[in-house]
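A.B. asks: here is a sequence together with a model predicted from it:
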Amino acid sequence: MISKILVGLDGSEYGEKAFEYACYLAKRCESALLIVHVLEDFVTVGHSILKELEEQDQVMLQKYKSRANQSAMITPIDVIECRGNNVAKKILNKADKQKVNSIVLGRRGTKAPSDRLIGSVSYKISHYAKCTVIIVR
């Protein structure tokens, strides 16, 4: 039984599809939904730019929470924003702490082409998660 679903969002087209699928799944399974976004730490970014990015992320997360409430009527819905350099590790830690049954992610995100050489977030999560991982195309 799926009782809690984590969906990782990054503002990409694939993230949008993952969100829609996670809402559908949460409604069908009567599951809680946890919306997570990781804001990567940028050493070279100034304080004012970082503050602006944080504000944009909060607006994005609240928009998704509102959409989930309105369209899918899912309860409860939690929104978590965290910061760090290893996005996959942050999402996996949140999934473990929150005891989620499933993680839903987009196939690709907003990362640079160099990530294809290192390994994408969805690839890493699919290999190290302790629960079911659904990767949406």
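C.D. replies: Right, received. Where do you want to start? This one's a predicted model, so the numbers in the text were calculated from it and none came from an experiment.

A.B. asks: in which helix or strand would I find the residue lying closest to Asn101 once chain neighbours are set aside?
C.D. replies: The spatial neighbour of Asn101 that comes closest, neighbours along the chain excluded (Cβ to Cβ, 6 or more residues apart in numbering), is Ile2 at 4.6 Å. Backbone N, C-alpha and C define where each C-beta goes, glycine included. Using DSSP states H and E, Ile2 sits within no helix or strand.

A.B. asks: just to check, Ile2 is in contact with Lys99?
C.D. replies: No: with contacts counted by Cβ atoms under 8 Å, Ile2 stays clear of Lys99, the gap being 11.9 Å.

A.B. asks: once you drop chain neighbours, what's closest to Ile35?
C.D. replies: Spatial nearest neighbour of Ile35, excluding adjacent residues (Cβ to Cβ, 6+ apart): Val79 at 4.8 Å.

A.B. asks: wouldn't the one you found be in contact with Asp57 here?
C.D. replies: No: the pair Val79 / Asp57 is not scored as a contact, 10.1 Å apart, by Cβ under 8 Å.

A.B. asks: hey, C-alpha coordinates of the one helix or strand Leu61 maps to in PDB?
C.D. replies: Assigning secondary structure by DSSP H and E places Leu61 in helix 47-67. The C-alpha trace of helix 47-67 is given here as PDB (Å, rounded to 0.1, in the frame of the first residue of the first chain):
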ATOM      1  CA  HIS A  47      23.600  37.000  -1.300                       C
ATOM      2  CA  SER A  48      20.900  39.100  -3.100                       C
ATOM      3  CA  ILE A  49      20.700  36.600  -6.000                       C
ATOM      4  CA  LEU A  50      20.500  33.700  -3.600                       C
ATOM      5  CA  LYS A  51      17.700  35.400  -1.700                       C
ATOM      6  CA  GLU A  52      15.800  36.000  -5.000                       C
ATOM      7  CA  LEU A  53      16.200  32.300  -5.900                       C
ATOM      8  CA  GLU A  54      14.800  31.300  -2.500                       C
ATOM      9  CA  GLU A  55      11.800  33.600  -3.000                       C
ATOM     10  CA  GLN A  56      11.200  32.200  -6.500                       C
ATOM     11  CA  ASP A  57      11.400  28.600  -5.100                       C
ATOM     12  CA  GLN A  58       8.900  29.400  -2.400                       C
ATOM     13  CA  VAL A  59       6.400  30.800  -4.900                       C
ATOM     14  CA  MET A  60       6.900  27.700  -7.100                       C
ATOM     15  CA  LEU A  61       6.300  25.300  -4.200                       C
ATOM     16  CA  GLN A  62       3.200  27.200  -3.000                       C
ATOM     17  CA  LYS A  63       1.800  27.100  -6.500                       C
ATOM     18  CA  TYR A  64       2.300  23.400  -6.700                       C
ATOM     19  CA  LYS A  65       0.700  22.900  -3.200                       C
ATOM     20  CA  SER A  66      -2.300  25.000  -4.200                       C
ATOM     21  CA  ARG A  67      -2.700  23.000  -7.500                       C
END
